[in-house]
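Q: fold the following, please.
(one chain, ligands or ions: 3)
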Amino acid sequence: MVAPSPTSMMLRTKKTKAVGIPTIDLSMERSQLSELVVKACEEYGFFKVVNHCVPKEVISRLEEEGTEFFSKTSFEKHQAGTSTPFGYGCKNIGPNGDMGDLEYLLLHTNPNSISERSKTIAKDHPIKFSCIINDYVEAVKELTCEILELAAEGLWVPDKSSLSNIIQDVHSDSLLRINHYPPVKKSNDNWDPSKLQNNTIGFGEHSDPQILTILRSNNVGGLQISTQHGLWLPVPPDPNEFYVMVGDALQVLTNGRFVSVRHRVLTNTTKPRMSMMYFAAPPLNWWISPLSKMVTAHNPSLYKPFTWAQYKQAAYALRLGDTRLDQFMRIQKQEASNIENASHST
Ligand SMILES: C=C1C[C@]23C[C@@]1(O)CC[C@H]2[C@@]12CC[C@H](O)[C@@](C)(C(=O)O1)[C@H]2[C@@H]3C(=O)O
Ligand SMILES: O=C(O)CCC(=O)C(=O)O
Ligand SMILES: [Fe+2]
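A: Residues are numbered from 1 along each chain as shown. Ligands and ions are numbered 1, 2, ... in the order given. As a prediction, this is how the structure comes out:
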């Protein structure tokens, strides 16, 4: 039997330290798995999962619907309703002037909301469309819960459901997003695709505000993650597997032990990239503060408690790339560095 590989693609930093995106094989033994999940969430806030239980047809049906929708005319796509915040969006990201070279569908995962949106997104087959979305959401939600339970076990949290319960609540504010990045256009007939420069921002640098993001894409790359050493790592596309991202809310729940990963998409290919993200979130009225196991006298809470609604409001008032968690730190970054400087000068 071949031992599961702990890492895929490896790069080397100047000091020749190897860095790579962790790959976690979900068929492995549980205690080993939970350790790997915690390690990946601490080091990168990002990892790939293989041997997951999401059925292939559930994924391919959503991919087909996405392809069909984005191949419509601009007029037809705008009839799906503009993204304020849910519906169809083109180039504009969020309400504060952020732009990217993409178009997208953004949906709330509440089945009633999906059913309403389906009437304008897939006018000729709304029931089929909403079933496909609901099936995908249910399957990736299950995967998310499995990962959150492994994380809780790896952190030795007494109730292993304490994280997964948050997103299983019927009032959960989880979202589904399908992004479509157009291919880079040929400039003339002598145009050489191998000389293409990757300068187009598809989706600018940011962290996701939610608990966990489950991302899957077609076979076209462009996604990059930022490491704690300040390197941008390209993420190889893998249509059969999922990538998992720690969001801001999970960073808070673990009192900063897990890091929410900053990421971006640069488009540089002649093929369109299509990605689908499930953003697992708490209900709006849910209080977010570190799990009691993560707070000790030596490790006091880093964050002021806030509700998910308050956090969302703060996120939507800011630009995409802003580090919105700073507002919720118990000690502001500037104060902390003043204290640090004062202790060095005495
Ligand atoms: C500029 C923005 C877009 C965003 C809301 C925000 O004000 C800041 C966070 C952005 C983000 C990133 C992750 C998800 O794609 C998203 C849906 C989310 O919850 O937060 C987007 C928001 C959006 O596109 O509306
Ligand atoms: O499209 C992608 O691959 C990532 C998009 C993303 O980060 C987002 O929608 O929040
Ligand atoms: Fe994101």
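Q: A strand includes Lys48, no?
A: Yes - Lys48: assigned to a strand according to DSSP: H, G, I helix; E, B strand; the rest coil.
Q: so where's the stretch 1-150 of the chain shaky on pLDDT?
A: Applying pLDDT under 70 to the stretch 1-150 of the chain flags residues 1-19.
Q: please repeat the previous calculation with a cut-off of 90.
A: Residue ranges of the stretch 1-150 of the chain with pLDDT under 90: 1-20, 80-85.
Q: give me every residue in it lying close to ligand 1.
A: Pro85, Ile93, Gly94, Asn96, Asp98, Leu106 (Cβ under 6 Å from any ligand atom). Yep, even glycine has a C-beta here, placed from its N, CA and C like the rest.
Q: give me the pLDDT value at the closest residue to the third one other than its chain neighbours.
A: Of all residues not flanking Gly94 in the chain, Leu320 sits nearest, at 6.0 Å (Cβ to Cβ, 6 or more residues apart in numbering). In this prediction, Leu320 carries a pLDDT score of 98.
Q: sorry, back to before: please convert the buried members of the residues of the stretch 1-150 of the chain next to ligand 1 into ChimeraX selection syntax.
A: Only the buried entries of those go into this ChimeraX selection, using 16 or more other Cβ atoms under 10 Å:
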select :93,94,98,106
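Q: now the residue of the stretch 101-250 of the chain found nearest ligand 1. Nearest residue, chain neighbours left out?
A: Closest residue of the stretch 101-250 of the chain to ligand 1, Cβ to the nearest ligand atom: Asp208 (4.3 Å). The shortest distance from Asp208 to any non-neighbouring residue, by Cβ to Cβ, 6+ apart, is to Gly247 (4.2 Å).
Q: what do you get for Ser275?
A: In space, Ser275 is closest to Ser217, 4.0 Å off (Cβ to Cβ, 6+ apart).
Q: quickly find the element holding the residue nearest to the spatial centre of the chain.
A: The residue lying closest to the centre of the chain (Cα atoms, centre = their mean) is Thr213, at 3.3 Å. If you go by DSSP states H and E, Thr213 is part of strand 212-217.
Q: which residues are in contact with that strand?
A: Contacts to strand 212-217, defined as Cβ atoms under 8 Å, 6 or more residues apart in numbering, come from residues 59, 140, 143-144, 147-148, 167, 223, 237-239, 241-247, 250, 273-280.
Q: please compute how far stretch 94-104 lies from its chain's middle.
A: 16 Å (Cα atoms, centre = their mean, to the nearest Å).
Q: one step back: and the strand holding Thr213, anywhere near ligand 1?
A: No - in terms of Cβ under 6 Å from any ligand atom, no part of strand 212-217 sits within range of ligand 1; the closest distance is 7.4 Å.
Q: just the CA coordinates of that strand, formatted as CSV?
A: The C-alpha coordinates for strand 212-217 follow below in CSV (Å, rounded to 0.1, in the frame of the first residue of the first chain):
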residue,chain,number,x,y,z
LEU,A,212,-14.8,27.7,6.5
THR,A,213,-14.8,27.9,2.7
ILE,A,214,-15.0,24.7,0.6
LEU,A,215,-13.7,25.5,-2.9
ARG,A,216,-13.7,23.4,-6.1
SER,A,217,-12.8,24.6,-9.6
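Q: what angle do that strand and strand 46-50 make?
A: Interaxial angle, strand 212-217 versus strand 46-50 (axes from the mean of the first three to the mean of the last three Cα atoms, to 10 degrees): 60 degrees.
Q: strand 212-217: partners in the sheet, and parallel or antiparallel?
A: Applying DSSP bridges, strand 212-217 is found paired with strand 242-246 (antiparallel), strand 273-280 (antiparallel).
Q: any idea which of those strands is most buried?
A: Most buried of the strands paired with strand 212-217, by mean neighbour count (mean count of other Cβ atoms under 10 Å): strand 242-246, with a mean of 25.
Q: in this structure, where's the longest helix?
A: helix 126-154 (DSSP state H).
Q: that one packs against which elements?
A: helix 30-43, helix 56-70, helix 111-121, helix 164-168, strand 175-181, strand 212-217, strand 242-246, strand 273-280 (3 or more Cβ pairs under 8 Å, 6 or more residues apart in numbering; DSSP states H and E).
Q: would you turn these into CSV with distance to Glu76?
A: Shown next, in CSV, are these (distance: least, Cβ to Cβ, whole Å):
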stretch, distance to Glu76
helix 30-43, 41
helix 56-70, 9
helix 111-121, 10
helix 164-168, 33
strand 175-181, 14
strand 212-217, 24
strand 242-246, 30
strand 273-280, 18
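Q: for Ile132, find the nearest of these.
A: helix 56-70 (4.7 Å; Cβ to Cβ).
Q: now the angle between helix 111-121 and that closest one, please.
A: Using the same axes, to 10 degrees: helix 56-70 against helix 111-121 is 40 degrees.
Q: now helix 56-70: buried residues?
A: Val58, Ile59, Arg61, Leu62, Glu63, Glu65, Gly66, Phe69, Phe70.
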